[in-house]
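> Here is a sequence with its predicted model. Questions after.
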Amino acid sequence: MQALRVLVRQLPSVLLGYSGGVDSAYLAVVLRQELGPDRMLAAIGRSASYPDAQWQVARQIAERFDIPLVEIETHELDDPKYLANPSNRCFFCKTELWHRLVPLARERGLAVVCDGTNADDVHEHRPGKAAGIAAGVRSPLAEAGLTKAQIRAASRELGLATWDAPAAPCLSSRVQYGLSITPSRLKQVERGEAFLRELGISGDLRVRHHGDVARIEVEPSWIPWIEARREAITRQLTALGFARVEIDPRGYRRGSLLEHSSR
């Protein structure tokens, strides 16, 4: 953590691509503490792929820690390559995001553009990272060698509510690769997951969109609980437009859509 703060103090000024997730929330607070409100800015990219619940959390954190915040509209859903939903879809999304944020940083006189990539992320399937590298975006958490577990522990010490929050990638990450991204499909996923959260499910949760099928992934300890409520859950999700609902017996796991992808 000290290495991160030393690194941050060396940055003249920063614009942070900010989602309000575990990593970017922690980095936003550190940037604000080390650089002050005049030398840093957190920027949220808003689109149909960004969950409303995540937006609310991001704003609450910014308000509590006095983090300067700006919101901009991104238009990845105007890109046919993004809509086609290949396994490197994130590359096109992040290309659009940095296409908006890098010029914004220049306009505001901010010298460095950063993201919340951590040291664990560099070993995973993250095609969006290539877009950041191409745009000259830096990743202070990864540069300082901080893992997700370390960031969660440090977030708890700072009093960040996100310290134990489940991973929250964009809604498009729930849609089966090769199945086109549409606002209606994103809304199905968002409403389906919101319903399950309202029932009381905590921890990692995904409603994977497989066309007519909604495939629910939860932490293994929750599987018997949702099996006991299958009828009500199926009724709600079919009302959202799914023809069938499945509960993944293996539970939540990162990158499960790659198992079904030929791309």
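Yep, it's here.
> mind showing which ranges of this protein have poor pLDDT?
255-263 (pLDDT under 70).
> what secondary structure does the spatially most central residue of it sit in?
For the chain, the residue nearest the mean C-alpha position is residue 169 (2.9 Å; C-alpha atoms, centre = their mean). In three-state terms, and counting by DSSP: H, G, I helix; E, B strand; the rest coil, residue 169 is coil.
> Grab the nearest non-local neighbour of residue 22.
Counting by C-beta to C-beta, 6 or more residues apart in numbering, residue 162 is the residue found nearest to residue 22 once chain neighbours are left out, at 5.0 Å. In short, each C-beta sits where N, CA and C put it, glycine included.
> That neighbour reaches residue 26, doesn't it?
Yes: judged on C-beta atoms under 8 Å, residue 162 makes contact with residue 26 at a distance of 7.4 Å.
> Which residues are in contact with each of the two?
Counting by C-beta atoms under 8 Å, 6 or more residues apart in numbering, the contacts common to residue 162 and residue 26 are residue 155.
> More neighbours: which of the two?
A count of neighbours by other C-beta atoms under 10 Å puts residue 26 above the other of residue 162 and residue 26, at 27 against 24.
> Quick check: which element contains the more buried one?
helix 22-35 (DSSP states H and E).
> what's the answer for residue 48, then?
With DSSP H and E as the criterion, residue 48 is inside neither a helix nor a strand.
> wait, doesn't it sit right on residue 77?
Yes: counting by C-beta under 8 Å, residue 48 touches residue 77, with 6.0 Å between them.
> Now do the shared contacts for the two.
Shared contacts of residue 48 and residue 77 (C-beta under 8 Å, 6+ apart): residue 183.
> so where do the strands sit in this structure?
Secondary structure of the chain (DSSP state E): strands at 14-17, 40-46, 69-73, 112-114, 205-210, 213-218, 244-247.
> which of these is buried the deepest?
Most buried of those, by mean neighbour count (mean count of other C-beta atoms under 10 Å): strand 14-17, with a mean of 26.
> In the sheet, which strands lie alongside it, parallel or antiparallel?
Applying DSSP bridges, strand 14-17 is found paired with strand 40-46 (parallel), strand 112-114 (parallel).
> what distance separates the last one from the centre of its chain?
Right, the one you point to is strand 112-114. 18 Å (C-alpha atoms, centre = their mean, to the nearest Å).
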